[in-house]
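Chemist: 3D model of this:
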Amino acid sequence: MSNENVQAVREVIDAFNRRDFDAAMAPLRDDVTWERFLSRAEATSPAVRGKAELLAVWKSQVEAVDIRVEPEEFIPVGNKVIAPMRMVARGSGSEIDLVSVVTWVSTFDGGGLCTRVEAYESRDEALRATGMGSSA
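Modeler: Okay, here's the model as predicted:
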C-alpha cells in the first residue's frame, strides 16, 4: 500500500495547490483529523476534525493568503507517509512571500484512506516520531 499512500498524499497536495478541494478531500476519511501547522502556538483546538471542518479551514486560509505547498520528498513508512515540504504564502494585500518549513506525517487505514495528518517542525522530528530516527 505504500506506493498508493504516497500517490494519495501527492493527489491531496496537487489538488490543494489547484484549489480543487473536492479532489483534495477524496483520499481522506470523513472523520480525518488534521493537526494544524501552528497548533503549538494556537490557543484554540490544535486539530481540525472531519472533512467539513477541514474544508472551512482551507477556504479561510486561501482567502487570507495565497498558500502553495511544495513537497521535497515522500518517505513511505508502513501505513504512514512522511512528506517534508515548504509552505509558501503570499499576502493578498502585501504581496510579501512567507516561507515555512513543515513535515506532514499522513496515516492511512487498511482501505487506503488517510485518517490523520500530523505536522512537525522538521523532517528529523517527524522521522523520530515515526520510529525512523533521522537516518532515512
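
Chemist: Need the per-residue pLDDT for residue 33.
Modeler: pLDDT for residue 33: 93.

Chemist: so it touches residue 115, yeah?
Modeler: Yes - under the criterion of C-beta atoms under 8 Å, residue 33 makes contact with residue 115 at 7.2 Å. Placement of C-beta: from N, CA and C, glycine included.

Chemist: Would you map the helices across this protein?
Modeler: Secondary structure of the chain by DSSP state H: the helices cover 2-18, 21-25, 51-64, 123-129.

Chemist: List the buried residues for the last one?
Modeler: To tie it back to what came earlier, the one meant is helix 123-129. 123-124, 126-127 (16 or more other C-beta atoms under 10 Å).

Chemist: repeat for the longest one
Modeler: For helix 2-18, a neighbour-count test (16+ other C-beta under 10 Å) marks 5-6, 8-9, 12-13, 15-16 as buried.

Chemist: What of stretch 84-94?
Modeler: Of the residues in stretch 84-94, those buried (16+ other C-beta under 10 Å) are 84-85, 87, 89.

Chemist: And these, which is closest to residue 60?
Modeler: Within the buried residues of stretch 84-94, proximity to residue 60 (C-beta to C-beta) peaks at residue 89, which comes in at 13.1 Å.

Chemist: so which of the helices of the chain gets nearest residue 74?
Modeler: Comparison of those against residue 74 by C-beta to C-beta identifies helix 2-18 as nearest, at 4.5 Å.

Chemist: what about residue 49, distance to residue 19?
Modeler: Distance of residue 49 to residue 19, computed by C-beta to C-beta, to the nearest Å: 22 Å.

Chemist: what residue lies at the spatial centre of the chain?
Modeler: With distances taken as C-alpha atoms, centre = their mean, residue 104 lies nearest the centre of the chain, 5.0 Å away.

Chemist: For it, which non-adjacent residue is closest in space?
Modeler: In space, and not counting its chain neighbours, residue 104 is closest to residue 83: 4.8 Å by C-beta to C-beta, 6 or more residues apart in numbering.
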